[in-house]
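Enquirer: show me the folded form of this:
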Amino acid sequence: MARAETVIVPGIDQFGRVIPPAIIRALRSASERGARIASICTGAFVLARAGLLDGLRATTHWRAAGELARCYPRTEVDADVLYVDNGRVLTSAGAAAGMDLCLYIVRRDFGASVAAHVARVAVMPLERSGGQAQFIEYEPPEASGSMGALLVWMERNLKQCFSLSTIARHARMSTRTLSRRFAEHVGLSPARWVAKARIRRAQLLLETTPLPVELVAAEAGFQSASVLREHFKSSVGVAPIAWRRSFGSCGSADSH
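Expert: Reported below is the predicted structural model:
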């Protein structure tokens, strides 16, 4: 580590594990002399413990993202991507995303042809961009309390054209009260929650059904397939058909 140009930090098995001071000192020293430091999966906790993620955007495995954000509030944790490149500090999500990050580093250092050769030898996809979303298990909202019941109703009616006033009437609140309570309990605006819920519905349909994108869009509450594609690419980082190819469990009727 005293001479390495690139230091790769592997994952740890316990978030609260005490990191030996010698490792922290070595990482800080490597960073100070300009070495590139990258973490795989929960290795981001080690980088954060060394202070190398302060003020930076970072990612880790989606199951650990909440804990990373809680333990290290000076780090902007993004659980929706495969990897993050901050120049000299890079972080990745799960183990497979760590392979994506390593291939990205190879491509950045040695070019596309070398990266293609490495990908063939490793029998892995040539490229998954860092902005592509992690595959995250979705847990539906619980119908406990007035806000929980409201979320369940909204999710069951995503095909509706929601407006703030429509949601407020169903919740029997003023629009101002709804906005405030929604932000307090959910952490998002109603409109943002609906947008994310529709994307989740589209993901589920792409993964578990052979429906063409046009029908997926309608079932998820989007006005058209083109609107779905636009929002899906913006939110997830890939096109709907690419998501289906990666995570689909049945045949597809899509041709584009």
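
Enquirer: for the record, mean pLDDT for whichever strand or helix holds residue 176?
Expert: Using DSSP states H and E, residue 176 sits in helix 175-186. Helix 175-186 shows a mean pLDDT of 89.

Enquirer: who are the packing partners of it?
Expert: When contacts are defined as 3 or more C-beta pairs under 8 Å, 6 or more residues apart in numbering; DSSP states H and E, helix 175-186 packs onto helix 145-156, helix 164-171, helix 190-208. C-beta: built from backbone N, CA, C; applies to glycine.

Enquirer: looking at those helices, which is buried most?
Expert: helix 190-208 (a mean of 19; mean count of other C-beta atoms under 10 Å).

Enquirer: quick one: low-confidence parts of the stretch 51-200 of the chain?
Expert: Scanning the stretch 51-200 of the chain for pLDDT under 70 picks out 125-146.

Enquirer: look at the spatially most central residue of the chain and tell me its secondary structure.
Expert: Centroid-nearest residue in the chain, with C-alpha atoms, centre = their mean: residue 80, separated by 1.1 Å. Following DSSP: H, G, I helix; E, B strand; the rest coil, we place residue 80 in the coil state.

Enquirer: likewise for residue 90?
Expert: strand.

Enquirer: need the contact list for it.
Expert: By C-beta atoms under 8 Å, 6 or more residues apart in numbering, the contact set of residue 90 is 36, 37, 38, 39, 83, 84, 101, 105.

Enquirer: for the second one, helix, strand, or coil?
Expert: Here residue 37 is strand, with the state taken from three-state DSSP.

Enquirer: find me the pLDDT at it, would you?
Expert: Looking at residue 37, the pLDDT reads 97.

Enquirer: looking at the helices and strands packed on helix 175-186, spot the one closest to residue 111.
Expert: helix 190-208 (33.4 Å; C-beta to C-beta).

Enquirer: only C-alpha atoms, please: export the closest one in CSV.
Expert: In CSV, the C-alpha atoms belonging to helix 190-208 read as follows (Å, rounded to 0.1, in the frame of the first residue of the first chain):
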residue,chain,number,x,y,z
PRO,A,190,-46.4,12.7,-3.1
ALA,A,191,-45.6,13.3,-6.8
ARG,A,192,-42.0,12.0,-6.4
TRP,A,193,-43.4,8.9,-4.5
VAL,A,194,-45.9,8.2,-7.3
ALA,A,195,-43.1,8.5,-9.9
LYS,A,196,-40.9,6.1,-8.1
ALA,A,197,-43.8,3.7,-7.5
ARG,A,198,-44.7,3.6,-11.2
ILE,A,199,-41.1,2.9,-12.0
ARG,A,200,-41.1,0.0,-9.5
ARG,A,201,-44.3,-1.4,-11.0
ALA,A,202,-42.8,-1.2,-14.5
GLN,A,203,-39.7,-3.0,-13.2
LEU,A,204,-41.8,-5.8,-11.7
LEU,A,205,-43.8,-6.2,-14.9
LEU,A,206,-40.6,-6.3,-17.0
GLU,A,207,-39.1,-8.9,-14.7
THR,A,208,-42.1,-11.2,-14.4
